[in-house]
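Student: sequence unknown, structure follows:
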């Protein structure tokens, strides 16, 4: 049985995220692709609450919170 389209797309995104993150590291950039939706939300409206970030990034608040925290900690 072949995995569903959603499963295949998630796997593809995992592979792409890893490759893009590696390319950023090789270029000397400290940035993780998973931060992109949060960063776009903050660029559009800073400061923002977690709720505003989640809404702008079209993700749930529980998903936005650890990404936002990791982005701040990582930088």
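Tutor: Noted; the coordinates are in hand. What you see is a predicted model; the values in this text were computed from it and never measured.

Student: ok, residue 37 touching residue 54?
Tutor: No - using Cβ atoms under 8 Å, residue 37 makes no contact with residue 54, being 9.3 Å away. Quick note: C-beta positions are derived from backbone N, CA and C, even for glycine.

Student: quick one, which of these two is more surrounded?
Tutor: With neighbours defined as other Cβ atoms under 10 Å, residue 37 and residue 54 compare such that residue 54 has more, 22 against 18.

Student: So the more buried one: helix, strand or coil?
Tutor: helix (DSSP: H, G, I helix; E, B strand; the rest coil).

Student: Return the distance of it relative to residue 33.
Tutor: 18 Å (Cβ to Cβ, to the nearest Å).

Student: If you count residues, where's the longest helix of the protein?
Tutor: The longest helix of the chain (DSSP state H) is helix 5-26.

Student: Where does the prediction get shaky in this structure?
Tutor: Per-residue confidence for the chain (pLDDT under 70) gives these ranges: 74-75.

Student: Tell me which residue lies farthest from the centre of it.
Tutor: Here the centre of the chain is the reference, and by Cα atoms, centre = their mean the most remote residue is residue 1, at 30.4 Å.

Student: how about stretch 26-46: buried residues?
Tutor: 31, 32, 35, 37, 38, 39, 41, 42 (16 or more other Cβ atoms under 10 Å).

Student: need those residues in CSV with secondary structure and distance to residue 61, can you?
Tutor: Converted to CSV, those look like this (DSSP: H, G, I helix; E, B strand; the rest coil; distance: Cβ to Cβ, whole Å):
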residue, secondary structure, distance to residue 61
31, coil, 23
32, coil, 20
35, helix, 16
37, helix, 13
38, helix, 12
39, helix, 17
41, helix, 12
42, helix, 15
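
Student: which residues does residue 50 contact?
Tutor: 61, 64, 65, 68 (Cβ atoms under 8 Å, 6 or more residues apart in numbering).
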